[in-house]
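Novice: give me the fold of what follows.
(3 chains)
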Amino acid sequence: MRGAAHVTRAACAVAVVLAAGACGGGGAPAGGPDGIVSSSWGDPQNPLEPANTNEVQGGKVLDMIFRGLKRYDPKTGEAEDMLAERIDTTDSVNFTVAVKSGWTFSNGEPVTAKSFVDAWNYGAHLKNNQRNAYFFGYIEGYDQVHPASGQPTAQTMSGLKVTGERTFTVKLTQKFSTWPETLGYAAFAPLPSSFFSDHDAWLARPVGNGPYAVDSYTRGSQMSLRRWDGYPGDDKARNGGVDLKVYTDSNTAYTDLTAGNLDLVDDVPASQLRNVEADLGGRYINTPAGIIQTLAFPYYDPDWNKPGQEKVRRGLSMAINRQQITDRIFQRTRTPAKDWTSPVLGPDGGFDAALCGDSCAYDPAGARKLIAEGGGIPGGQVKITYNADSGSHKEWVDAVCNSINNALGNDRACVGNPVGTFADYRNQITQSKMSGPFRAGWQMDYPLIQNFLQPLYYTNASSNDGKWSNKDFDRLVDQANAEADPAKAIETFKQAEGVVRDQMAAIPLWYQNGSAGYSERISNVSLNQFSVPVYEEINVG
Amino acid sequence: MPEAQYDDGRAIAPTGGGGAMDLATAEGETLEKAPAAPPGPGPAGRPRSLWSDAWHDLRRNPVFVIASLVILFLVAISIWPQLIASGNPLDCDLAKAQQGSQPGHPFGFDGQGCDVYTRTVYGARTSVTVGVCATLGVALLGSVLGGLAGFFGRAPDALLSRLTDVFFAIPVVLGGLVLLSVVTSNTVWPVIGFMVLLGWPQISRIARGSVISVKQNDYVQAARALGASSARLLLRHVMPNAVAPVIVVATIALGTYISLEATLSYLGVGLRPPTVSWGIDISAASPYIRNAPHMLLWPAGALAVTVLAFIMLGDAVRDALDPKLR
Amino acid sequence: MGRYVIRRLLQMIPVFAGATLLIFLMVNVMGDPIAGLCGERECDPATAAQLRKEFGLDKPVWQQYLTYMGNVFTGDFGTAFNGQPVTELMADAFPVTIRLTLVAILFEVVIGIGLGVVTGLRRGRPVDTGVLLVTLVVIAVPTFVTGLLLQLLLGVEWGWIRPSVSSEAPLGELIVPGLVLAAVSLAYVTRLTRTSIAENRRADYVRTAIAKGLPRRRVMTHHLLRNSLIPVVTFIGADIGALMGGAIVTERIFNIHGVGYQLYQGILRQNTQTVVGFVTVLVLVFLLVNLLVDLLYAVLDPRIRYA
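Specialist: Below is the predicted model of the structure:
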């Protein structure tokens, strides 16, 4: 690999010779504290509203232009007060929130209690079509603004009350002791009044209260963010700004990084991991993130919901050589799963490396025995369904199937079943059409063990795609949520996770790391626990 | 990719023309003048000599001989892959992933640790099946619709020509992405079906033009004057003489369908496992082009040779059928 | 001539309606797009219903089609799922793709016809055989392999070009993608011109022109080339539409944000409005270019007259 600078020069020379166009991108922009970082990006799927963004690409921007009541520490993931002066409760149902003074949006408007309450009411209301509306579902009055069917009967949630310039109260519908810790999620960000008065203009150029402000936004191709010098927080940007450039194929983005046209790629494709060392030297990071990949089962299909079949599921789990797949396919950017949460929670937060135990260890003989005891694979063949349009799902599904086939000594025991588009894949799941195990990925919304269990395994929960249902599990989760002592709550959640393990409700595969490569121009690059680069800490030059 | 839609034969057919008879004649005229057009029959009245002349020429054409031998070999290993490959294409050991050539495994291993040689040999079956079936389907549907339009003219022609335009206007790869993204079957039939659905207009136009020009020949007029029925005219006199350009274009198109299958796989909507196909392997290997080029090289090479053989065959047949080039 | 053009324009109406209906139905076959909007979880039913209503997906297909076409005639191509009007996407995407297509067509015309004339005049010579073989290989290798190879070699290993195209997509950066896009058609143009030239070289009118003692160059350009170009013009004309809509692979490899990119995104997200909107414009381009090509016939070959 040639030096990136050399390549850049050559590329510039060619570009200058061939066209009048100036050599942009990684050309030779200013370094130092005003240097601009260029970074790969994916086109956000939904409009860039805080309560309407449920994927990483939109989340990246929100993380730069918004600060909420809480913020998850980029390193430890702990929820720390950001705009919140205090959040008090005595009964885990009624909360009083006090907002710090001195905060403004980048247009100068002060951030007040009303900025939050209006934003949350907007996010919850049915007519605004916010994809993340359910985040407000714990607040009293949500059912009136967002009924399951029919028209809303109220404009605002009764559980939210502005009690002063910088204080408001929140009433929940149930006990939820760790509720304040969920407030670091982007959906809970405050919104300026211009969001409501001139919505289209706001969408064309979002205004927030974070360390960066949007300078220009060409949808579908690029967003330029610049440091907001008036930002009152401690986490001021150490660079002049960030240019996010849309790439359709992460391979192309990586190629551009090696050619010196891009400073930061936060999703290094698996196929390039083998040459990352040669291309980038040490300019590559691989850190744990709150993402777990599992195989879920269609419990609505009678074939897959017979008593005793937990043995088949455990057998399949033991037929998967996780270590080999994470080494060979993912080059150790994923680590074999040992429970159903994530190592980023830490042992205190509920992560337990011993929870799954033998059930997650590769054991072909044990696998064959268990599957036979459990009545064999329904239909004689496991079809693992996945969406083929993104990620490297095909590679690992094929590898998992080969592993199962080799363990069972039958080259047709398992076969991948790609679905063309993510939308169609989700459709088949929501319409309960799966006829075998399917890919289930979970990226945490906030670093709580509750977030890894309740949405995925609680009866009829929003992401319980396999429709698994277990009374013991539900009871333990309810109990844990009502627990005022966080440590006790986590213990109870772990008991609930034990039920998931005993039933092998879903096969845990691996924890996904965040991986990123960067150019020689920038330093101090890190990823937070949501695998999003911590842009404001990056130094240029 | 546009390649599947076009080939030299495409130029023979004037683009979406008027359906009315006067214009149809004008088109027919263009057709006769269009140099690349193999004018179906030879001199009127000696239709058979064209074919025997062509065969006489072909046997002496090295291009034809080589292409035919390659195709025969491909067909043979499609039917009996065990002849030259003893392994199992589904037998994969991840521990060997991406390893290069070694004894017993001349082409090395792919990203899943499957033997590239075995998979390349077994992939021939899929590609040949897709190519042959899609071509047969396209040729049949296209020549029937095109032939009817050309033969009957007037309203049926206007209607069918507009229908041809409708299907022609949809970009092929785009249609493939849309239609195949919902398919869940892991056989080759949806892919073939899609190719027939969007490929027939190409043949239809050529068949139509060819039939129009044959229809005006004296022997057809004579048969009509003798009171032959439409069906008899069409089946006995027109079709046999109008079929030559269709065969030429179809042979060339066959290669492009094989190539299209690979492109669809690259876009994630092609064939699905456990089907073994060059397209699947090429697209799986393409991200590894820097690290393990052998994974891409062999299936892509096999694909290129196959496509090449069919195009060369079609080329040779066209030259042989075109008296002007003798 | 005028009457012919009017008749052709009238005939376009059913084709246009048919093609748009076809693509509308095809995209509808893909199913409900709403489920894909909520990430790895189920959309809550109320939001899903609301979204369906907003995008008009709660109506029967025929009604959706009629409403859509009605809006199209008033210049309203609908809204993409990210809240952006489709016309805005088009305004961004089409200029880029038109530039790319122009580069590709330029390659086809200059290199394709150039090589075709050379080989056609030297049939059977080594240069002819050589070029013929190269064109065959170009046709035989799938575009995405050619594209990835060129990107790797020129962009990464040798550093001659940018491996991807920046969002402004200046002409200079589109040269290699244009070449990749044109590669297969270029090979066809070469072969087509070659056959055409070789054949017409022996035509009576060329012999006459030579016999008359006209300079060789004049015979070449005025008589031979002009007559040989008819099939080539047909091909290139038909290719324009296909190049614009078929650039999905090329645009993906080189990260070009043009029509192919928008279509690919639209299909992945099952965004009916984007896909149908772009295809509608492509169909229009296809029909108009076809008409122009047919009119060009009359210019190139005086024997053809349209009444």
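Novice: which parts of chain A sit against chain B?
Specialist: Neighbours of chain B within chain A, by CB under 8 Å from any CB of the partner chain: A:251, A:269-272, A:274-275, A:321, A:324-325, A:328-329, A:388-389, A:394-395, A:398-399, A:401-403, A:405-406, A:411-412, A:415-421, A:424. For every residue, glycine as well, the C-beta is placed using N, CA and C.
Novice: repeat for the stretch 201-307 of chain C
Specialist: Counting by CB under 8 Å from any CB, the stretch 201-307 of chain C sits next to chain B at C:228, C:230-232, C:234-235, C:237-239, C:241-243, C:245-246, C:248-249, C:252, C:263-264, C:267, C:275, C:279, C:282-283, C:286-287, C:290-291, C:293-294, C:297, C:301, C:303-307.
Novice: mind listing which of those residues are in helices?
Specialist: Among those, DSSP state H puts C:228, C:230-232, C:234-235, C:237-239, C:241-243, C:245-246, C:248-249, C:252, C:263-264, C:267, C:275, C:279, C:282-283, C:286-287, C:290-291, C:293-294, C:297 in helices.
Novice: any of these buried? List them.
Specialist: With burial judged by 16 or more other CB atoms under 10 Å in any protein chain shown, the buried subset of those is C:228, C:230-232, C:234-235, C:237-239, C:241-243, C:245-246, C:248-249, C:252, C:263-264, C:267, C:275, C:279, C:282-283, C:286-287, C:290-291, C:293-294, C:297.
Novice: if I look at the residue nearest to the spatial centre of chain B, how far off is B:I203?
Specialist: Of all residues in chain B, the one closest to the mean position by CA atoms, centre = their mean is B:L254, 2.2 Å from it. Counting by CB to CB, to the nearest Å, the separation of B:L254 from B:I203 is 12 Å.
Novice: near chain A, which of the ones in helices among the residues of the stretch 201-307 of chain C next to chain B show up?
Specialist: Okay, of these touching chain A (CB under 8 Å from any CB), that's C:252, C:264, C:267.
Novice: can those go into TSV with extra columns for pLDDT?
Specialist: Listed next are these as TSV, based on pLDDT from 0 to 100:
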residue	pLDDT
C:R252	86
C:Y264	86
C:I267	84
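Novice: ok, the helix or strand in which the residue nearest to the centre of chain B is found near chain A or not?
Specialist: If you go by DSSP states H and E, B:L254 is part of helix B:239-266. No: using CB under 8 Å from any CB, helix B:239-266 stays clear of chain A, with a minimum separation of 9.9 Å.
Novice: what about the strands in the stretch 401-541 of chain A?
Specialist: A:414-419, A:438-443, A:506-518, A:522-523, A:539-540 (DSSP state E, counting those that start in this stretch).
Novice: if you could redo that for the stretch 201-326 of chain B, that was the one I meant.
Specialist: Taking DSSP E, counting those that start in this stretch to define them, one finds no strands in the stretch 201-326 of chain B.
Novice: just for it, where's the confidence low?
Specialist: Residue ranges of the stretch 201-326 of chain B with pLDDT under 70: B:322-326.
Novice: I'd like to know how many residues surround residue 250.
Specialist: Defaulting to chain A. 22 (other CB atoms under 10 Å in any protein chain shown).
Novice: nope, chain B please
Specialist: B:A250, neighbours per other CB under 10 Å, totals 28.
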